[in-house]
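Can you look at this prediction? I've put the sequence above it.
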Amino acid sequence: MSLSFVRLALYGLAAAACFGAQAADFASWLDRQLLAQPAVIAEQQRLLAARAEADGLAKPLYNPVLSAFGEKNGNDNNVALGLEQTLDWWGQGDSQQQEARLTRVQATLAFDARLQQQKAKVLAAMARFLAAADEQQLAKQQRRYLGTLLALVKKRQVAGDLGVVDAELARLNLSSRLKALADADAAYEEARAELEALLPNASVQKSVELDGYLARLRLPEGEEWLARHPAVALAKARWQLSRQQVETRRRAVKAKPTVGLSAGRDGGSSSVEVGVSIPLNLRNDFQSDVAATGYQALASEAAYQQQYLNQRAAWRAAKGRLASYQRHYRQWQQWREQDVQPRLERFWRQGELATAQYLQGLNALAQSQSDGIALEQQTRLALIDALAQSGQLSVKGVTL
């Protein structure tokens, strides 16, 4: 093995390691930016609110009731002190503790799902910004080149090589490119504003590292992971919570006894009283409330099943869309020829191309380059969508 080959291999390994480190830095940077977003902070507060509600559900249902009584009857001072406690006879508190646990699970899954959606939104905005920047650069290059061309046409017109019609064609072509430049500038400013709104504390130029980051992510094989997708897992958690709510409601509507104990003095003698009360659910047994909660649980189960089917369909569509765009973008790269513009100019200068044909060739070249930018953008967006539909956009560094 030659020394030059070894050096080349070492250089390759070093470049790959550097590339991987840069992509890892971008990933951690992106997650930090996401967690600092006001929209994500709002979701964090909703998560904490849901957890606080769950803590309330897990606590005992009834507090004791303290009562005091006093009166003066002639020479006697009658006093009494009582204590009452409603008993959780049917175990509603135990059911609510399970409900509290499931509420925390649902809130955490909802936060994770929204966080991944927000990350996909930011990545898509970066992809649109990169495409808009490329389109703007292309329009500027075309404007500069056509300006140079127009000056050359005037020189050739003065020299008698070209007629008035050729000069007018060049000016008309330049005018149309000015419109394209204005559109590209507007699209760039719109994409920049969108990205700055999503990442207010970061530079939009960080987007140039997007492709390296996306290249490190891998799409899953098969479809066994679908049940673990954030949206599907969230729908399942909602169903499980609604089932537990049925059990809680069933226990809540049952009559619960209240036990009371009072002690005091009445007419100079001590007295102790014990009482028990229990509501009689004769006129209303509240079973309609239980049935309504049960129907909600059945609806949640159907929604979970539908969410699974929707997610599977979305994943298959995203995977097919990505494969199509990747295939066509590779074909465009293979068919693209280098140095087309200088060759066209050389043919035009040599008289092998008429001015109209030359301008037509320049327009076709500009359209091909613009199509390539659009294909690259759609390929990026398709990959981001496929990653989102497969739940591969988790955010690290969340501490709640």
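Received, thanks.

residue ranges for the helices of the stretch 201-350 of the chain, please.
Ranges of helices within the stretch 201-350 of the chain are 210-216, 230-252, 287-335, 340-349, based on DSSP state H, counting those that start in this stretch.

So which other helices or strands are in contact with the first one?
Here helix 210-216 touches helix 3-35, helix 92-159, helix 355-389, going by 3 or more Cβ pairs under 8 Å, 6 or more residues apart in numbering; DSSP states H and E. Where you see a C-beta, it was placed from the backbone N, CA and C, and this is true even at glycine.

Throw those into TSV and include mean neighbour count, distance to residue 85 and mean pLDDT, thanks.
As requested, those are arranged in TSV below (neighbours: other Cβ atoms under 10 Å; distance: least, Cβ to Cβ, whole Å; pLDDT from 0 to 100):
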stretch	mean neighbour count	distance to residue 85	mean pLDDT
helix 3-35	13	46	61
helix 92-159	19	13	89
helix 355-389	19	53	88
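
Out of these, flag the one nearest residue 74.
Nearest of those to residue 74, taken as Cβ to Cβ: helix 92-159 at 47.0 Å.

Next, the angle helix 340-349 makes with the helix or strand that that closest one is followed by.
For helix 92-159, the following helix or strand on the C-terminal side (DSSP states H and E) is helix 164-198. With axes from the mean of the first three to the mean of the last three Cα atoms, to 10 degrees applied, the angle from helix 164-198 to helix 340-349 works out at 170 degrees.

so what secondary structure elements neighbour helix 164-198?
Applying 3+ Cβ pairs under 8 Å, 6+ apart, one finds that helix 164-198 contacts helix 92-159, helix 355-389.

re the thing from before, how about JSON lines for the helices of the stretch 201-350 of the chain, with mean pLDDT added?
What follows is these, written out as JSON lines (pLDDT from 0 to 100):
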{"stretch": "helix 210-216", "mean pLDDT": "92"}
{"stretch": "helix 230-252", "mean pLDDT": "96"}
{"stretch": "helix 287-335", "mean pLDDT": "95"}
{"stretch": "helix 340-349", "mean pLDDT": "76"}
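
one step back: for residue 301, which of the helices and strands packed on helix 210-216 is the nearest?
That would be helix 92-159 among those, by Cβ to Cβ, at 14.3 Å.

and residue 240, which of the helices and strands packed on helix 210-216 is closest to it?
helix 92-159 (5.5 Å).

now the closest one, how far from the chain's geometric center?
From the chain centre to the centre of helix 92-159 is a distance of 12 Å (Cα atoms, centre = their mean, to the nearest Å).

Let the chain start at 409 from now.
Right, with 409 as the first residue, what we last looked at is helix 500-567.

Among the helices of the stretch 609-758 of the chain, show me which one is buried the most.
Stretch with highest mean neighbour count among the helices of the stretch 609-758 of the chain: helix 638-660 (a mean of 21; mean count of other Cβ atoms under 10 Å).

if we can go back for a sec, distance to residue 768 for the helices of the stretch 609-758 of the chain - can I get that in JSON lines?
Output for the helices of the stretch 609-758 of the chain, formatted as JSON lines (distance: least, Cβ to Cβ, whole Å):
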{"stretch": "helix 618-624", "distance to residue 768": "33"}
{"stretch": "helix 638-660", "distance to residue 768": "50"}
{"stretch": "helix 695-743", "distance to residue 768": "19"}
{"stretch": "helix 748-757", "distance to residue 768": "10"}
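
Among the ones you listed, which comes closest to residue 470?
Residue 470 lies closest, by Cβ to Cβ, to one member of the helices of the stretch 609-758 of the chain: helix 638-660, at 12.0 Å.

Any idea how many residues pack against residue 574?
19 (other Cβ atoms under 10 Å).

so it sits right up against residue 763, yeah?
Yes. Using Cβ atoms under 8 Å, residue 574 makes contact with residue 763 at a distance of 3.8 Å.

which residues are in contact with both of the two?
residue 561 (Cβ atoms under 8 Å, 6 or more residues apart in numbering).

The strand or helix carrying residue 492 packs against which elements?
Secondary structure assigned from DSSP H and E places residue 492 in strand 484-494. Identification of packing neighbours for strand 484-494 by 3+ Cβ pairs under 8 Å, 6+ apart yields strand 473-481, strand 666-674, strand 677-685.

Mind listing the strands that strand pairs with, and their directions?
strand 473-481 (antiparallel), strand 666-674 (antiparallel) (DSSP bridges).

Count the neighbours of residue 674 for me.
16.

Does it touch residue 478 like I think?
No. With contact defined as Cβ under 8 Å, residue 674 does not reach residue 478; the gap is 11.2 Å.

Overlap of the contact sets of the two?
Common neighbours of residue 674 and residue 478, using Cβ under 8 Å, 6+ apart, are 486, 488.

Pick out the shakiest of the strands paired with strand 484-494, pLDDT-wise.
Lowest mean pLDDT within those: strand 473-481, a mean of 84.

What are the contacting residues of it?
Applying Cβ under 8 Å, 6+ apart, the contact partners of strand 473-481 are 485-493, 670, 672, 675.
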